Structures are given as structure tokens and as C-alpha cells.
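Student: Output the structure for:
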Amino acid sequence: MQFIPITIDDYYTLKIFFQKQSYQLSTYSLFSIIVWSNPNSKAYFAVEDDTLIILNELESRPEERHLILPLSLKKIITPEYLHSLANKTGVARYCFVPETFIATYERYHVERYFTILEQPEFEDYIYLTEDLVQLKGNRYSRQRNQIHQFNKQYSAPGRVNIEWISSDSVGACMLFLQKWCDQRNCDLDQDESLACEKMATINALQNLDQLEAQGILIRVDGEVSAFGICSYLTDDMGVLNFEKAFSNIKGLYQFLDNECARRLFNRYKYINKESDMNMPNLAQSKNSYNPVMKLKSYCLIVR
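Tutor: Have a look, this model is predicted:
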């Protein structure tokens, strides 16, 4: 089986496999797969019998080479098929397997073919769009207070403007991203995960239209100070792939999050905010928005 690198130009070729896929882990966003593919973290694909097979490789950790669950137009993906495919490709590991897949076939049946390992750092946080738009009740009092303080501070007309990200504003968003990264040492030799995220964000900003994603930006006193980007996952769920704001502007992040829910997710019932990557501060922030569920992710390793 011949795998070829996934590029932005492959979007419309691969899109058909993702239009009706039902996996709710953010990994199964085609937009995410494409923009996160870079020289350090490469994604490849092959198509066989109307089935899309995706392979991921990390240059720094070749032992973590893995497949994700195939997406098929006709075939039912079973543990038996996954085992056969692993033997055929020589890739003995599937990662980002949703817990719903394991539940569908029952754990004991999957364990006939694979050792099951949980990936706690990749458990996705899922929210009701309605909750994050309305921010009702005591559980969202902190967010409402932060937004109130932001609105009070910047209440003068023209100080705050919200725009759709377009080709005309990409340059300003890139400038903001660089400033945001300068505060966090996003260089590869400083923090590999932040460096990869920076590359993915640049890919996203430069190719929003071609990859059919949407984003909004917020200007404070004329300067881009925050943006958020959303992509399709399932018919009732989108992914908030990127959400960044200057931390020194009090309430800006909460204001951005609320506007993203209003403007980017009005066609979706649910918002997937991805995982916390086992980062305590990020986990605290995501939990503070009261997820309605968390979706576990697993690796399956051929026995």
C-alpha cells in the first residue's frame, strides 16, 4: 500500500470521506489533519476499496508512528478489519480511537486483536453551543463578570471591532500570532508542541477559504488582539481549532470565546474544544466552561 503526503491541494479529494463521518474526536476534522501536517509531524494517506487510510509520523518520535481509524464510503470498520489492515501496512498501532468505537464492538472483542491503551492527554471537551452563547446561571458567573469588565473598559465607540478573518486581514492576524508566540517561546528548541501549533495556525490562516473553515478576529484600538478559527467535524459538531487572545487585556479571552460561540458555531449544536494535553492550567480553563461531556481517546496496539 502506497501512502502519499497530505497537502492542502488534497482537501477536495478527501472531503467526501469526512462529510458523513461520525467520530466526535477533533482528530477527525479534515481541516485539522491538513493544517497540523508539517515537517515535524507528517500525515499521509492512501485510498483502497473506497476507504481512506491515514498515517501519522512524528520526526522526533518515530516509535509513535500510527494510523487513525479509516473512513469508508461503504465498508464497516471492524476490529477484524483493523487487525488485517495493520498487518498489511506494517503499522501496528492505531491512535485517536474514540471510546464509542470500542463500546460498539465491546471491549473484550477488541482485545482479541489489540491491547487497549487510554490517551488521557487527548480527551476532548464538548460543550453545548447554547450554553456558551447564553452563559446562564451561577456556573458562568465568572465568565459573565470578565466580559462585563472588558466591555466596561472598552465601552467607547470604535475601540472594539469584530470581523471575519479574510485574505485582507491575514497579515494582521499573523502579526498578532507572532506577538502572542513571543510571549510564550514558540520556537522548536524551546517548546515542540507550541512550535507545531504555531505552524498549524499559520497554515490555517493562510488557507481558510480553500479548506472551508471560518474565523473571527477582534481588534482592540485598531490592533488585532484575538482570533478564533472553527472547522467542521460532524453535522451537529464543529471544532474550535484555534483560539488566541492577548492575556494582558482583562476579559478579552472570555469575550472572544462568547463571540466564537455566537458567530462560528450557530449551525452546530456542540462545540469541540479539543483536549488539554495534560496541562493543568488548560484543563482548569476548559473545565470552567462546564463541558457536557468528555470524549476519551485510545490507542490500539496489535497483539
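Student: switch to C-alpha atoms for all contacts and neighbour counts from now on
Tutor: Will do.
Student: wait, Ala172 sits on Gly222?
Tutor: No: the pair Ala172 / Gly222 is not scored as a contact, 10.3 Å apart, by C-alpha atoms under 8 Å.
Student: So for the two, which residue has more residues nearby?
Tutor: Ranked by neighbour count (other C-alpha atoms under 10 Å), Ala172 and Gly222 place Ala172 first, with 17 against 11.
Student: Please identify the helix or strand for the more buried one.
Tutor: helix 170-182 (DSSP states H and E).
Student: Tell me the buried residues in that helix?
Tutor: By 16 or more other C-alpha atoms under 10 Å, the buried positions in helix 170-182 come out as 170, 172-174, 176-177, 180-181.
Student: Pick out whichever of the residues you listed sits closest to Gln134.
Tutor: Nearest to Gln134 among the buried residues of helix 170-182 is Cys173, at 27.3 Å by C-alpha to C-alpha.
Student: Is it correct that the closest one is in contact with Val224?
Tutor: Yes: between Cys173 and Val224 there is a contact at 6.3 Å, judged by C-alpha under 8 Å.
Student: residues shared between the contacts of the two?
Tutor: Taking C-alpha atoms under 8 Å, 6 or more residues apart in numbering as the criterion, Cys173 and Val224 both touch Leu217.
Student: circling back: will you turn the buried residues of helix 170-182 into CSV that also has pLDDT?
Tutor: Compiled in CSV, the buried residues of helix 170-182 are given as follows (pLDDT from 0 to 100):
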residue, pLDDT
Val170, 98
Ala172, 98
Cys173, 98
Met174, 97
Phe176, 97
Leu177, 96
Trp180, 94
Cys181, 92
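Student: nearest to Arg61, of the residues you listed?
Tutor: Cys181 (24.0 Å).
Student: Against Asp257, how distant is that closest one?
Tutor: To Asp257, Cys181 is 19 Å away according to C-alpha to C-alpha, to the nearest Å.
Student: tell me the SS of Phe227?
Tutor: Secondary structure, DSSP: H, G, I helix; E, B strand; the rest coil: Phe227 is strand.
Student: ok, for it, nearest residue in space, not its chain neighbours?
Tutor: Among residues not flanking Phe227 along the chain, Leu217 sits closest, at 4.1 Å (C-alpha to C-alpha, 6 or more residues apart in numbering).
Student: For that neighbour, give me the pLDDT.
Tutor: Looking at Leu217, its pLDDT stands at 98.
Student: Would you mind writing the CA trace of the helix or strand encompassing it as PDB?
Tutor: Using DSSP H and E, Leu217 maps to strand 214-220. What follows is strand 214-220, C-alpha atoms only, in PDB (Å, rounded to 0.1, in the frame of the first residue of the first chain):
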ATOM      1  CA  GLN A 214     -14.100  30.200   9.300                       C
ATOM      2  CA  GLY A 215     -12.600  32.600  11.700                       C
ATOM      3  CA  ILE A 216     -13.200  35.800  13.500                       C
ATOM      4  CA  LEU A 217     -10.800  38.400  14.800                       C
ATOM      5  CA  ILE A 218     -11.100  41.100  17.400                       C
ATOM      6  CA  ARG A 219      -9.400  44.400  17.100                       C
ATOM      7  CA  VAL A 220      -8.800  46.500  20.200                       C
END
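Student: going forward can the numbers begin at 36, since that is how I track them
Tutor: From this message on, residue numbering opens at 36, which makes the last subject strand 249-255.
Student: who does that strand touch, helix- and strand-wise?
Tutor: Using 3 or more C-alpha pairs under 8 Å, 6 or more residues apart in numbering; DSSP states H and E as the contact test, the elements touching strand 249-255 are strand 195-199, strand 258-269, helix 287-299.
Student: Recalculate using a threshold of 7 Å.
Tutor: On a contact count with 3 or more C-alpha pairs under 7 Å, 6 or more residues apart in numbering; DSSP states H and E, strand 249-255 meets strand 195-199, strand 258-269.
Student: What lies in contact with the shortest one?
Tutor: Taking C-alpha atoms under 7 Å, 6 or more residues apart in numbering as the criterion, the residues outside strand 195-199 that touch it are 189, 250-256.
Student: Brilliant, that's me finished.
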